[in-house]
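>>> what's the 3D shape of this:
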Amino acid sequence: MDKIKTKLRRVKYYTKKDYLTVHNIAAAAALILGLVFTYNAITATTRNWQLEQKLKEITLQSEKLKLEVETLQLEQKYYDTDEYKEIMAREKQGMMIEGETMVILPDNTETAKTKYSEIDEPQKKRTNLDEWLDFLFG
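Residues are numbered from 1 along each chain as shown. You can find the predicted model right below:
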């Protein structure tokens, strides 16, 4: 039992003498303060970055809404014009201006659709000789 007490006293003595000096305590305190400062700086930087990202997102949404409002205002101005009113009167109510004659055509038949689709096909390019022969001999 005495040996254990002696060893504990030695450890206590050497700890006080070697480790618990003013210089070591000040260095440990400075290290702890430095770590706390670094942690707080990183936390603040992270928070600021997140807030900046939210601000950018909200700014983009605001710009988008402003553009939508401008578009709707332009649409509203267009709907108030006489040109739009005339187009809608002609289209929806079948109205016309004095002296105009309205012609209502039937929908295209399948024959008409296929006839004009053949015309749209690209024609083969003829050589110069073929064109001259066609011109001279019909």
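>>> element containing the most centrally placed residue in the chain, please.
For the chain, Leu60 is the residue whose C-alpha lies nearest the centre (Cα atoms, centre = their mean; 8.9 Å). Using DSSP states H and E, Leu60 falls within helix 22-79.
>>> Report all helices and strands that that helix contacts.
Judged by 3 or more Cβ pairs under 8 Å, 6 or more residues apart in numbering; DSSP states H and E, helix 22-79 is in contact with no other helix or strand. (Glycine included, C-beta is placed from N, CA and C.)
>>> Could you point out the helix or strand that follows it?
helix 82-93.
>>> I'd like the average pLDDT over that next one.
Averaging pLDDT along helix 82-93 gives 85.
>>> buried stuff in it?
For helix 82-93, the buried set under the neighbour-count rule, 16 or more other Cβ atoms under 10 Å, is empty.
>>> Provide a list of residue ranges in this protein with pLDDT below threshold.
Applying pLDDT under 70 to the chain picks out residues 116-123.
>>> one more time with 90, if that's ok
Scanning the chain with the threshold set as pLDDT under 90 gives 1-25, 82-83, 85-128, 130-131, 133-138.
>>> what's stretch 99-107 in contact with?
For stretch 99-107, contacts defined as Cβ atoms under 8 Å, 6 or more residues apart in numbering pick out Gly94, Met96.
>>> Can you get me the start-to-end distance on it?
For stretch 99-107, the first-to-last residue distance is 25 Å (Cα to Cα, to the nearest Å).
>>> now do stretch 99-115
Distance across stretch 99-115, first residue to last, is 34 Å (Cα to Cα).
>>> chain center to that stretch: distance?
A distance of 45 Å separates the centroid of the chain from that of stretch 99-115, by Cα atoms, centre = their mean, to the nearest Å.
>>> Run a quick neighbour tally on Trp49.
10 (other Cβ atoms under 10 Å).
>>> Contacts only, for it.
No contacts exist for Trp49 under Cβ under 8 Å, 6+ apart.
>>> From Glu68, how far off is it?
Separation of Trp49 from Glu68 (Cβ to Cβ, to the nearest Å): 29 Å.
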